[in-house]
Each structure stands twice: as C-alpha cells, then as structure tokens.
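Undergrad: Build me a model from this:
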Amino acid sequence: MVNLKSILVVLLLLCQSLAFGSDKRLALVRRIQGLEQIPQSLGHQLERLTMLVISKQADYELLLSGTDTPIASVVDMVAVESEVGRTNDGYRIEARLLDIRTKKLLTKASHSNIREEDLVRMFQGALESLFIPDAKIKPIAPDKVSNPKTTIIPRQKMILPSTTQIKQPDAPTLDFKKIVRDLKRKVDKEIEKKVELKTQAAQIEADKKKADQASQTASIAKGEISKKVTDEKRPALKSYPRRLNIFAGWDSRSIDSTYLVDTSVKAQLLTLKSDGHIPLDILQGRMAASYNLSLSRALSIPIEAPALYQVGLFGTWLEPRWNISAGINRDASFFVNLPSPGEGLAASSITAAWITVNSEVNFDFWGQWFLGAKFGVPGMVETNYAPLKKAKQWQGNNLQLTMTPPLYFKGWSSSFSFQQINLTSQGEAPFTLNESRIALFVRRSL
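TA: Here you go, the predicted model:
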C-alpha cells in the first residue's frame, strides 16, 4: 500500500492546482546523490546552488522534498535530480529533469573529467541547462488539433554531452479515492494523445535530419571523402587538457663558493613563476610542449646581486596519473668571491644551461596530491668572473623536489620546493659552487 504521506502530498498539490489555477509548474527538488564522495563544505555549496538556480526559474514554483515524496502525480509537476561522483580523471556530474505526471525523463545534462576548482561552475551550468527551452520543437496550434486541450509541451535541450544512462522510474499504482481515480483516468487519456503528437513531431524532425545529411554527403568532393575515410581509420586521440600554473612566494638561498677564499652568502627572495604544457596532435595526443619561467627579486641580501631567473623548454609524455619531460633549463644565479688576490669581495653572475629530465605524479589521498622530481647536468656554463671565463670542463648536478598537497583556499593551493645545485671547474685554481634553495609558494591553476 502506498504511504499515506505520499497520498496527502499529491491531494494537496491537486487541490492547490484546481483552486488557484496557477500557470506555474511545481519543481520538486530531490537530494543530491553522491555527496559523501566530496568534501562536506563543497556539498553544502552545491545544495545551496541548487535551491538558488531553481528559485530563479520564472515558470516554476519551488517545492522541497521530504522523506516520503511522490514518484507519480496527476498535477503538472517536475522533479529535479542531480548526482555527483569522483572518477580517475576528476569529478563527474549529472542533472536530470523528470516529469512526475508522465513518469518520463524530459532532459538531462552530464559531464566528466572535471577539476575540483571547476566543479561548482560546471554544476551550475548543468542545472541551468535543464530549463533552457528548445526552439526547434514548437507547440502545435490549437486549431490544428482535434482536442483543443491537447498541446505539445516543449522539451528542454541537453547542453552538456551525456556520459551515463538513466533508468526511468517505474510507475506505482496510487490508491486514491474514487474522485482522484476518475480524474487520473482522464489525465492518462490526455497524456496518451500528447505522447502520440510528440512521437509524430520527433519522427518528422528525424526524417528532416536524415534528408539534410544525405544532401550534404552527396555534395562532398571525391578528395574530401578520401580524407574522411583516412581520418576514421586513425586511432582516437587521448584527450589531455592544457595546463597553466602560476606561483608566487618566498625563496631562501644559501650559496657557498670556494676559489681564492671560502665564502657563504644567504639571500631572501620574492619569486614569481609559471609552468604548464600544451598537448600536441602527435602520438595519439600524448605528446605536449612544456615550459617553465621564473623571476626573483631580492628582499634581503648583503651584497648587490645580478638578475636571477629561470627559463626552460621541454618535450613531455602525458599519462592520466603521471608525466615525464626532457629539455633545456637555463638558470641564472650568483656567488661571492675575490676577483683576484688583494681585491675585495664582489658578486659575480653564473648562468648554466642544464640538460634536464623531470617527472610528476598525482594521486588521491584525502584530495589530489602532486609530487615532482627534476635532475639535470650542466651543458654550458657562463660567468663574468674573470678567472673562470676560459674554463670549459664544468661538472655538477642539479636536483629539485616539489610537493603540492590538497590545501585549497578560494582556488589557491600551497606548493613546497627544495633544490640543490653543485658546480665544479678546473681553471687557474679549482672552483666549487654549492647552492641550496628552499621555497614556499601559493599556486593556482588557470
């Protein structure tokens, strides 16, 4: 037997519709499915956003759902259902608009591979797309229909690509009183007429599309047909999004040099940097062009230092959970030593072009983590330090480790970096440079 609360809700809505004759449709909001898979604060934000979007619809009257809500009705009522879940490549959302009276799915919008910072915006777009009218399907004029009360209800078009299948709810039998049963039988007859008219309109639209496609195919040149066949035989490209990150933060460096004397300098710097990659249409979309750019300005340093920067270009192999790159990274730094015996200490610039291999992995552990490692050897070294201008046999290594935990605040996250640089050369006298860098940044993906 159907729950008494469900019967009372439906009777109340029926009486309200008959008594006031409102032109608005009732919109029943059901609980978002899958909230346990996302952070609680983000789930509350999606629930509030659902109420806000539906309350702004002029043609609908908001109706909140309780624990026992009807899944069938004789009044003009729709149900708004939504679902959110986590996948290997991000988040997946789906929004559905159901006609409770006809027990039919009116429209749905779904999308996957969504980043956490884009989840709220994409969820709002999915909900709003449910209420956008489809201009291609117009109501049939009343004078062309045998029954003047029979019209076609326009359906909303789907904005986002569908990735999941929806099972339509089974229609339960409601145990109403006799007057409600009689009214329901009349409504069912009217629904059958509307469904028939809708089927005819859909068939006409499908026939028109087939005719347009046949005409377009007939007008394609022979060369274009060959190109289309060739493209169909190619393997499908893997979809990897373009990535752009910006960083801003504090950089602490300790630079030790050994030549005529042993020196040690500590510097505090403000650093701005950016990195990212752009996927290329080669090797099934797995190759990308990557870059990194960094500029530093001294906050606290005991001596005047030259410009400090980094710039690098790499080729990158992309995978869903990791990537690996190889390329050239040019790093400009400095050290302090005696230019010649008897002179005072002075800062000298030293710029190395490092042949670099780096990799990054990401995994889920209470959020999305990114861990990176970079290793390089010197390819070419330049310096304005006179005793080393003719030095050619440079040796050393450059090691850097990075970590980005899932600590987010208004789209920004934190990032930590440690780097160790070692350079040696045999000039007029042995030269050694050891530099340690520790950096703390705030990071944002664009």
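
Undergrad: My read is that residue 289 contacts residue 280, right?
TA: Yes: taking contacts as C-beta atoms under 8 Å, residue 289 lies within contact range of residue 280: 6.2 Å. Backbone N, C-alpha and C define where each C-beta goes, glycine included.

Undergrad: Where do the helices of the stretch 51-200 of the chain begin and end?
TA: For the stretch 51-200 of the chain, the helices defined by DSSP state H, counting those that start in this stretch cover 119-129, 178-218.

Undergrad: could you measure residue 30 against residue 196, distance?
TA: 29 Å (C-beta to C-beta, to the nearest Å).

Undergrad: And residue 430, by the same measure?
TA: In terms of C-beta to C-beta, residue 430 sits 94 Å off from residue 196.

Undergrad: Ok, residue 132 next?
TA: Distance from residue 132 to residue 196, by C-beta to C-beta: 26 Å.

Undergrad: With residue 362 instead?
TA: Applying C-beta to C-beta to residue 362 and residue 196 gives a distance of 53 Å.

Undergrad: Please say which of these two ends up with more neighbours.
TA: residue 362 (14 against 11; other C-beta atoms under 10 Å).

Undergrad: That one against residue 402, yeah?
TA: No: Residue 362 lies out of contact with residue 402 (C-beta under 8 Å); the separation is 11.9 Å.

Undergrad: between those two, what contacts are shared?
TA: 370-371 (C-beta atoms under 8 Å, 6 or more residues apart in numbering).

Undergrad: Residue 48 - that's part of a helix, no?
TA: Yes: Residue 48 forms part of a helix when assessed by DSSP: H, G, I helix; E, B strand; the rest coil.

Undergrad: how many other residues sit next to it?
TA: Neighbours around residue 48, by other C-beta under 10 Å: 10.

Undergrad: swap in the one 3 residues further on?
TA: By other C-beta under 10 Å, 12 other residues sit near residue 51.

Undergrad: do residue 413 as well
TA: Residue 413 has 21 nearby residues by other C-beta under 10 Å.

Undergrad: Show me which parts of the stretch of helix or strand it belongs to are buried, residue by residue.
TA: Assigned by DSSP states H and E, residue 413 belongs to strand 412-426. Buried residues in strand 412-426, counted by 16 or more other C-beta atoms under 10 Å: 412-415, 417, 419, 421, 423-425.

Undergrad: Now for residue 248: which residues touch it?
TA: 271-272, 441-442.

Undergrad: Tell me the predicted confidence for the nearest residue to residue 350 once chain neighbours are set aside.
TA: Distances taken as C-beta to C-beta, 6 or more residues apart in numbering place residue 383 nearest to residue 350, at 4.4 Å, with adjacent residues excluded. As predicted, residue 383 sits at a pLDDT of 90.

Undergrad: Check the gap between residue 383 and residue 430 for me.
TA: 15 Å.
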